[in-house]
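> sequence? don't have it. structure:
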């Protein structure tokens, strides 16, 4: 039930859904004052969500900062790669389709090739409301093997549907062979706060290695300050998803 409710809530807190709800409510109400307030709210939120400067400031405040490779002064036993980067149902099922979070794969491979991690644990099954049978961890395993990582250096957890389940299952798999402090947690910078808290709650407090950054250096260009950007809406969608996920995980006792 929690899985269904969390996914449904995730759709409702998307920026454009919120804006559309304001405009639909304004259209439906007969109260002139309420209609005016709802229209103002809708246009204000539309400006907020599409403004690159505001979205960038919020994203930079939320994302966990990058960890330089040079600061990793020892070799970690396992790099835990959280899924959430492939795109199913894009085309022929004879290849792996990577979405916008490709740095999860790229930087995991770089950590492995440079000797910063010895093994790779890929965690994630199907996070869809309707399971279509594909398992992202298996897809990423095949991709890493094509990139030269031996099968013996890859572990797979393909049962979990969300970050909480991944944390619990990964901890149970890795506990006999290593310690939490010998593991790097690899996921998107915007997802890292919730992931770290969830893994700590599961008794597996590993070192964060955030990737896939959205935020950039602060700019005061005219287009950044005033021109609406689709990218800003996308960033807000990621932010609202993580804020909602963090709150619901806290309520559920997962963090």
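That came in fine, so what should we check first? All figures in this text were calculated on a predicted structure; none of them were measured in a lab. Numbering: from 1, shown residues only.

> Does the residue nearest to residue 195 when sequence neighbours are not counted have any beta-bridge partners, and if so which?
Closest residue to residue 195 apart from its sequence neighbours, by Cβ to Cβ, 6 or more residues apart in numbering: residue 187 at 5.1 Å. From N, CA and C alone the C-beta is placed, and that goes for glycine too. In this entry, residue 187 is beta-bridged to residue 210, by DSSP bridges.

> Just to be sure, residue 176 is in a helix?
No. Following the definition DSSP: H, G, I helix; E, B strand; the rest coil, residue 176 is coil and is not counted among the residues of a helix.

> Residue 98 versus the residue nearest to residue 195, what's the distance?
Spatial separation of residue 187 from residue 98 under the definition Cβ to Cβ, to the nearest Å is 15 Å.

> What ranges does the stretch 1-150 of the chain have for its strands?
76-82, 117-123 (DSSP state E, counting those that start in this stretch).

> Can you check which of those gets nearest to residue 212?
For the strands of the stretch 1-150 of the chain, distance to residue 212 was read as Cβ to Cβ. The smallest value, 10.6 Å, belongs to strand 76-82.

> In its sheet, which strands sit next to that closest one, and in what direction?
The strands beside strand 76-82 in its sheet (DSSP bridges) come out as strand 117-123 (parallel), strand 183-188 (parallel).

> picking up where we left off before, compile the strands of the stretch 1-150 of the chain into JSON lines and extend it with columns for distance to residue 182 and mean pLDDT.
As requested, these are exported to JSON lines (distance: least, Cβ to Cβ, whole Å; pLDDT from 0 to 100):
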{"stretch": "strand 76-82", "distance to residue 182": "4", "mean pLDDT": "98"}
{"stretch": "strand 117-123", "distance to residue 182": "9", "mean pLDDT": "98"}
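
> Show me the shaky parts of this structure.
Low-confidence regions of the chain, defined by pLDDT under 70, span residues 1-7, 127-134.

> Can you give me the domain boundaries for it?
2-63+226-252, 69-211 (automatic domain parsing).

> Straight-line length of the longest one, end to end?
With Cα to Cα, to the nearest Å applied, domain 69-211 spans 12 Å between its terminal residues.

> how far out from the middle of the chain is it?
On the basis of Cα atoms, centre = their mean, to the nearest Å, domain 69-211 is displaced by 12 Å from the centre of the chain it belongs to.

> could we number from 34 for the rest of this?
Yep, numbering from 34; the last one is domain 102-244 now.

> any idea how far the residue lying closest to residue 207 once chain neighbours are set aside lies from residue 104?
The spatial neighbour of residue 207 that comes closest, neighbours along the chain excluded (Cβ to Cβ, 6+ apart), is residue 111 at 6.2 Å. Using Cβ to Cβ, one gets 18 Å for the distance from residue 111 to residue 104.

> Counting neighbours, go ahead and name the busier of these two.
Set side by side, residue 111 and residue 104 give different neighbour counts by other Cβ atoms under 10 Å, the larger being at residue 111 (24 against 7).

> my guess is that one contacts residue 149, does it?
No. Under the criterion of Cβ atoms under 8 Å, residue 111 is not in contact with residue 149, lying 11.2 Å apart.
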